[in-house]
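predicted coordinates and the sequence they were generated for:
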Amino acid sequence: MSIDQCPVCDSRQTTQFLQRKQVPVHQNLVVGSQHAARSVARGELDLAVCEDCGFIFNRAFDLARLAYGEDYDNTQSCSAYFDAYLDGLVEDMVGQHAVRNSRIIEVGCGKGQFLRKLVSFPGANNRGFGFDPSYVGPDSDLDGRLVFRRCYYDASCIDVAADVVVCRHVIEHVPDPMALLRSLRSALDHSPAARVFFETPCVEWILNNRVLWDFFYEHCSLFTAASLSLAFRRAGFAVEAVGQIFGGQYLWLEARLADAALPDVQGPAKTAALAKAYGEEVDTLRLHWQARLLELGLRGKVALWGAGAKGATFANLVDPDCSLVDCVVDLNPNKQGGHIPGTGHPIVAPADLPLRRVKSAVLMNPNYRDENLRLLAAAGIELDLTDWSH
């Protein structure tokens, strides 16, 4: 069923700009065989942009198709660069935003890595409560200062008062983001002084940089800074700051509770124009990358670097029959030996590249370029590493 009304501002002025049939619904499944990888569940990507607020959403999204379980792994902390990024975020929250002596709730805590960093930060004296129905691990840690509940955080959780709420990379997976924010606002009725920090992908960065592989099924709700601020205001929050971090790829929003839902302030219309221009260039971009892979293939075998959502999406778009790319390299040992959902490309460790006679690799995220070049140099591996920015 296609939804035309904007889930954020209720406008019916929405325009389709990107459609992809039969895309894998999960990009981060750990799949053991090529056959299983090619047999994964699929869905339709039918992206529309709201002409009034700039929110982007998948009109054909079906939550019932998704199954986040033990075979799902979106861990990024195997990268020293990303782990250092998280450390910097925690240091900023503790140092610049005085998140000390605080009861911290993390909504959608995953494996609890970020919350653990906030609670264990030296001298911060924080306590943490992680909420995630898919959490796997001990119920408590750090001498009881870190507690996990395998459930959603909502108004039924009022027994846990909050000084700080953190929610990172959850809202983009939710087809009704306003329901999530209003549920959060209701849960905080008994914590009126709570501060709220949200992180989510920045769709303006994707559109401006013409990144072909950053739209995929799991991300059904994508925000600009303006549409994210609008969503929070409509849910009863006072937005104090919103800006881009992680090289512009993510949005970081800071808010407090407002006494009532605030008036709407519509975002700029430029997002709609960017989305339409992006949609018109998609086929050209795909052909460009296929030609680039063919050119690289003349020098020897080619790999993709990064078996997360970006790499899986790129492989499915540009090399669905595994004729251009030999393998996908990833630092996550849990993914090594597996296969990319949809295409079945094998996932390998960096050390396997010389054995497979791979001569070049396309890096899915330029943020990791320096880290990977250092890793290759330390291992004595000669590899031409390219990406869309080089």
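Received the coordinates, thanks. Predicted model, so just to flag it, every value in this text is computed and none were measured.

which pLDDT value belongs to V265?
pLDDT for V265: 55.

now do the contacts for the most centrally placed residue in the chain.
When Cα atoms, centre = their mean is applied to the chain, the residue found nearest the centroid is H169 (5.3 Å). Shown in contact with H169 (Cβ atoms under 8 Å, 6 or more residues apart in numbering): 108, 199-201. Placement of C-beta: from N, CA and C, glycine included.

cool, V160 as well?
103, 105, 129.

now those residues in JSON lines, with neighbour count and secondary structure?
Putting the contacts of V160 into JSON lines (neighbours: other Cβ atoms under 10 Å; DSSP: H, G, I helix; E, B strand; the rest coil) gives the following:
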{"residue": "R103", "neighbour count": "16", "secondary structure": "strand"}
{"residue": "I105", "neighbour count": "29", "secondary structure": "strand"}
{"residue": "F129", "neighbour count": "24", "secondary structure": "strand"}
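
take these and lay them out in JSON lines including pLDDT and distance to R234.
Below are the contacts of V160 laid out as JSON lines (pLDDT from 0 to 100; distance: Cβ to Cβ, whole Å):
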{"residue": "R103", "pLDDT": "97", "distance to R234": "27"}
{"residue": "I105", "pLDDT": "97", "distance to R234": "22"}
{"residue": "F129", "pLDDT": "96", "distance to R234": "26"}
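
any chance of these in JSON lines, with distance to K301 too?
Shown next, in JSON lines, are the contacts of V160 (distance: Cβ to Cβ, whole Å):
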{"residue": "R103", "distance to K301": "52"}
{"residue": "I105", "distance to K301": "47"}
{"residue": "F129", "distance to K301": "48"}
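
closest one of the residues you listed to A309?
Lowest distance from A309 to these (Cβ to Cβ) belongs to I105, with 26.0 Å.

which strand residues bridge that closest one?
F129, V165 (DSSP bridges).

how close does it sit to W289?
Note on I105: its distance to W289, by Cβ to Cβ, to the nearest Å, is 42 Å.

same thing with F246?
23 Å.

what of D87?
Distance from D87 to W289, by Cβ to Cβ: 33 Å.

looking at these two, which is more packed in?
W289 (19 against 12; other Cβ atoms under 10 Å).

how about the helices in the chain?
Taking DSSP state H as the test, the helices found in the chain are 34-38, 80-95, 113-120, 177-187, 203-208, 225-234, 270-297, 309-318, 369-379.

do you know which of these lies nearest D46?
helix 270-297 (11.5 Å).

how about the closest one: buried residues?
Within helix 270-297, the residues that count as buried by 16 or more other Cβ atoms under 10 Å are 271-272, 274-276, 278-279, 282, 285, 289, 292-293, 296-297.
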